[in-house]
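Trainee: Build the 3D model from these lines:
(one chain, ligands or ions: 1)
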Amino acid sequence: MSAAPHVDTFNIVHPQDYAEKGYPHDSWTWMRANDPVFRWEAGEGIPFWCITKHEDVTLIGRDPARFVSGPRLTISHEPEVDIGDMFPPTLIQMDNPNHSTYRKLINKRFTPGAMRRYDHDIETIAAEIVEKLLAQGEEGECDFVESVSAPLPIAVIAWMLGLPKPDWPLLFDWTNRIIGAADPDYQDEGSNASETAQTAITELFGYFTQLVEEKRKNPSEDLVSLFTQMEIEGKKLEFMDIMAWCLIIVVAGNETTRNATTGGMLAFIQNQDQLRSLQADETLMKPAIEEVVRWTSPIIHFARTATEDYELRGKQIKEGDAVALFYGSANRDEDVFDEPFQFRINRWPNRHLGFGIGEHFCLGAHVARLEMEAAYRHFLPRLAEVELAGPVDRLHSSLVGGVKRLPIRYRLA
Ligand code: HEM
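Mentor: Below you'll find the predicted structure:
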């Protein structure tokens, strides 16, 4: 077996390495081929197992009793900080029996059938955002993140939660500081990443405390009203549980969709034949969206912790060990995808794991698909030409593969 490449030059959980170099596809490809359950011991963070094959991510994702989410959902390049009981666990950090009880409370709101009543509104929000950009003239330059892919999920999530429109931009700042806490552009002055995220969460709770009070008095169809009405065994949720719901929807629904939409735009710029195919045949939109999620894999990793000793591909995972599920690696697995390093919008079936797998499968997958579809349907067919107008500026994060700025230049048809 040849030695693992890049262990010294790319720390697989270091935010800065992702900002400077993008995804470590060379390391992941090497691991899949030579050591798919690779023991990572470099850096100051805890040692952990890198799970890089599609089959193994699936196996672990589908075994929530043996691999739990509660102890840690991400792995840091720094020594672990114990924030104790400071914040209540959100859905994504829960294990059974709580997870299934809480997930049932909301599942029905997010099924494709239930979402049908939102289709029109998501379409209207996307149309408004794209038309505002296109109204600037036949030729233009913009930061695609600022103009399209950031405002769209912010608007949709804020509207679903029931925030008054003037407050929508608040979500932008909070999610940047929670998800992008390690990024110098978003970090609070004089604070480290963990302090920045904690301050932003506290501010978010302050805001939602007031909104919850208002929705209790004047409930409507929105999600915050639903959170105030939910019951478990005949009892309404505790106040902090309601806060946890607000937090997870805000945090999970924004940066992910933003970066899938941005990364997809970049892929279309770099693969103009695929852009032309989609412009010529709108029926390719659905497979194209799945390919964008596979290609971008916006969530780099989530972690699980083993509840018992377990042997995987000859490696002895011990009780209490951390495993990192690298979705970006699973989504380039040569055993599952034909030509995985080709961006092909007609790829079908597309068994990507971009939305996760198993009990924690993304609650908002359908919302995200609708948003991306609407944005692309309004923007892409109008383009006669499109190119990069400057460097791609990436986020410091080993959780979300983020793009902070995507400068593009275009001419409309
Ligand atoms: C392209 C966009 C998105 C991607 C790539 C994505 C990715 C993921 C992934 C990988 C997970 C699995 C977590 C795990 O296994 O531990 C997840 C869970 C989750 N996502 Fe998404 N997500 C996206 C959009 C959204 C949106 C728009 C929402 C909300 C409206 C959302 C809400 C959630 C929630 C609440 C969970 C936790 C589910 C649970 O623990 O049962 N996501 N997402």
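
Trainee: Contact partners for the residue nearest to Tyr18 when sequence neighbours are not counted?
Mentor: The spatially closest residue to Tyr18, leaving aside those adjacent along the chain, is Ser398, at 5.6 Å (Cβ to Cβ, 6 or more residues apart in numbering). No exception for glycine: its C-beta is placed from N, CA and C like everyone else's. Taking Cβ atoms under 8 Å, 6 or more residues apart in numbering as the contact definition, Ser398 lies against 12-15, 17-18, 74-77, 300-301.

Trainee: and what of Arg411?
Mentor: Neighbour list for Arg411: 138-139, 383-386 [criterion: Cβ under 8 Å, 6+ apart].

Trainee: Among those, name the buried ones.
Mentor: 383, 386 (16 or more other Cβ atoms under 10 Å).

Trainee: ok, which pair from the contacts of Arg411 is furthest apart?
Mentor: Across the contacts of Arg411, the longest distance by Cβ to Cβ is 12.9 Å; it joins Glu138 and Val386.

Trainee: In the stretch 251-400 of the chain, what residue lies closest to the ligand?
Mentor: For the stretch 251-400 of the chain, the residue closest to the ligand is Gly364, as judged by Cβ to the nearest ligand atom, at 2.0 Å.

Trainee: neighbours around that residue, how many?
Mentor: For Gly364, the count of nearby residues is 23 (other Cβ atoms under 10 Å).

Trainee: same question, Asp8
Mentor: Neighbours around Asp8, by other Cβ under 10 Å: 8.

Trainee: same deal with Gln342?
Mentor: So Gln342, with other Cβ under 10 Å, has 12 neighbours.

Trainee: For it, grab phi and psi.
Mentor: Main-chain dihedrals, Gln342, degrees, to the nearest 10: phi -100, psi 130.

Trainee: Distance check, it against Asp273.
Mentor: Distance of Gln342 to Asp273, given as Cβ to Cβ, to the nearest Å: 11 Å.

Trainee: In this structure Thr29 contacts Phe326, no?
Mentor: No: contact criterion Cβ atoms under 8 Å: Thr29 and Phe326 do not qualify, at 11.4 Å.

Trainee: how about whatever residue of the stretch 51-200 of the chain ends up closest to the ligand, what does it touch?
Mentor: Residue of the stretch 51-200 of the chain nearest the ligand, by Cβ to the nearest ligand atom: Ile92 (3.9 Å). By Cβ under 8 Å, 6+ apart, the residues touching Ile92 are 69, 73, 248, 252, 360.

Trainee: Turn those into CSV, including neighbour count, pLDDT and distance to Met265.
Mentor: Formatted as CSV, the contacts of Ile92 follow (neighbours: other Cβ atoms under 10 Å; pLDDT from 0 to 100; distance: Cβ to Cβ, whole Å):
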residue, neighbour count, pLDDT, distance to Met265
Ser69, 20, 97, 31
Leu73, 17, 94, 28
Ile248, 20, 95, 27
Ala252, 21, 93, 21
His360, 21, 98, 28
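
Trainee: hmm, which two among those are most spread apart?
Mentor: Within those, Ser69 and Ala252 form the most distant pair, 13.2 Å apart (Cβ to Cβ).
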